[in-house]
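Colleague: Got a predicted structure plus its sequence, pasted below:
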Amino acid sequence: MPDPTDQPRRVAIAIAAHPDDIEFMMAGTLLLLRNAGWVIHYLNVSSGNCGSNSLSASGTEAERLAEAQEAADFLGATFHPPFSRDLEIFYDLQHLRHLASIIREVNPTIVLTHSPEDYMEDHTNTSRLAVTAAFSRGMPNFEVSPARPPVAERWPCTTECLTACGMPCGGGSCPDCSSTRQVCSKPSGRRSPPIAAKRNGSMSARD
């Protein structure tokens, strides 16, 4: 029997801009993951305060919060409260530090979020925040709020990757930088030798 500690973490989080975004775009995938034994998490960045033409902002927030909590309960997901408002989701340090803290707490294997190319800035900014929060989860020198330690697991780098739109990233989709490899491998005079050695040993010219 394989050692359970060798098995990948089966934790997924859906990160959306507004209430209803997860339900419309990600709920089906969350249900499939839950049915396959995954632990799932539910997070709307915004409170949804602009989601009504008849209720006040505070009244709309209260109603959308209740709806979101009900949706998370229905999905069997852990609910994370919103921390921003409609049209106020920006790619800035305040939002990033908070979302990065949540990512470190949850430590997901799968992150579901918006496309980086979308008709609404709230959606695209949420996508950017989610990607950077996941990317930085193991960086001890990036401060998050509330403070949490970086994730200890190491994930291997691979040359088999996808673009932001899910298309294969390979020959023809990126410029051929092989002729610059020797130049790129020279350590910068402003970079400490240990860091330079790690970068030279693990990063390609495409990076």
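Modeller: Thanks, I have the structure now.

Colleague: Which element, helix or strand, includes the most centrally placed residue in the chain?
Modeller: Nearest residue to the geometric centre of the chain (Cα atoms, centre = their mean): Ala130, 2.8 Å. Assigned by DSSP states H and E, Ala130 falls within helix 121-135.

Colleague: Where does the prediction get shaky in this structure?
Modeller: Residues of the chain that meet the criterion pLDDT under 70 lie in 1-8, 154-207.

Colleague: Got the domain ranges for it?
Modeller: Per the record, the chain has its domains at 7-135, 167-202, by automatic domain parsing.

Colleague: Can you tell me which of those is nearest to Glu153?
Modeller: domain 7-135 (7.5 Å; Cβ to Cβ). The way it works is simple: take the backbone N, C-alpha and C, and place the C-beta from them, glycine included.

Colleague: which residues of this structure fall in strands?
Modeller: 11-16, 39-44, 78-80, 110-112, 161-162, 168-169 (DSSP state E).

Colleague: would TSV of those strands with mean neighbour count and distance to Ala152 be doable?
Modeller: TSV is the format used below for the strands of the chain (neighbours: other Cβ atoms under 10 Å; distance: least, Cβ to Cβ, whole Å):
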stretch	mean neighbour count	distance to Ala152
strand 11-16	25	15
strand 39-44	24	18
strand 78-80	17	21
strand 110-112	18	18
strand 161-162	11	23
strand 168-169	12	28
